[in-house]
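K.L.:
Below is the sequence, then the predicted model.
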Amino acid sequence: MIKRIFDIIFSFFGLILLLPLLLLIAILIKIESKGSLFYLQTRVGKHNKDFKIFKFRTMFVGSDKKGLLTLGDRDPRITKTGFFLRKYKLDELPQLINVFIGNMSFVGPRPEVRKYVNYYSQEDAIILSVKPGITDYASIYYRDEAELLKGVENPEMFYIENIMPEKIKLNKKYINSHNLFTDFKIILKTIQIIIT
């Protein structure tokens, strides 16, 4: 309950305070390429229910049909504005909307697409017992995930066989020990990484 109150208050004021920045980003996206302002992708949330996650569009329209994984910071599908937004995680800011309406939290396991959730074992399903978040241990540890995938022959298999199992371990670690203090530590660490 306390976490939900925290999420509502800080997402609401976050959206208000960041409104000038959000409008500037919106203008830059629209100037550079045709298409929608937001990229709405179906992800799997709490209780295994699908929801739409909000992100600023960082790729040219239709790029997701060429694969769900981003391969390196210089993936040719990414726009110039998109590269900057991704570098500083600004493309994630619209997820404050998800936090405010209640299908995400500030901190929690990053929500996966259904395709990868289907690889979860019965034990892994515990990840779906909590709300997904904007940031978590895995987001911090795998902040350079796109670069890791860029250098392998089969990025999708590498993700499924190597990165996903580690993310699942980190998600379970969070679920087994999370509290408000842990959440604050993760938020501060995430901000530190973005700044540095």
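P.N.:
In hand now; what should we look at?
K.L.:
make it CA atoms for all contacts and neighbour counts henceforth
P.N.:
Will do.
K.L.:
Show me how far the worst-scoring helix or strand of the chain on mean pLDDT is from its chain's centre.
P.N.:
Least confident helix or strand of the chain, by mean pLDDT, DSSP states H and E, is helix 145-150 with a mean of 81. Centroid displacement of helix 145-150 relative to its chain, using C-alpha atoms, centre = their mean, to the nearest Å, is 15 Å.
K.L.:
can I get the CA coordinates of it in CSV?
P.N.:
What follows is helix 145-150, C-alpha atoms only, in CSV (Å, rounded to 0.1, in the frame of the first residue of the first chain):
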residue,chain,number,x,y,z
GLU,A,145,22.7,-5.4,-23.1
ALA,A,146,22.4,-4.1,-26.6
GLU,A,147,26.2,-4.0,-27.0
LEU,A,148,26.5,-7.6,-25.6
LEU,A,149,24.0,-8.8,-28.2
LYS,A,150,25.7,-6.9,-31.0
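K.L.:
Assumed residue 43 was part of a strand.
P.N.:
Yes. Judged by DSSP: H, G, I helix; E, B strand; the rest coil, residue 43 forms part of a strand.
K.L.:
what's the distance between it and residue 166?
P.N.:
Counting by C-alpha to C-alpha, to the nearest Å, the separation of residue 43 from residue 166 is 19 Å.
K.L.:
More neighbours: which of the two?
P.N.:
Between residue 43 and residue 166, residue 43 has the larger neighbour count (other C-alpha atoms under 10 Å), namely 20 against 16.
K.L.:
give me every residue that touches the more buried one.
P.N.:
By C-alpha atoms under 8 Å, 6 or more residues apart in numbering, residue 43 lies in contact with 50-53, 111-114.
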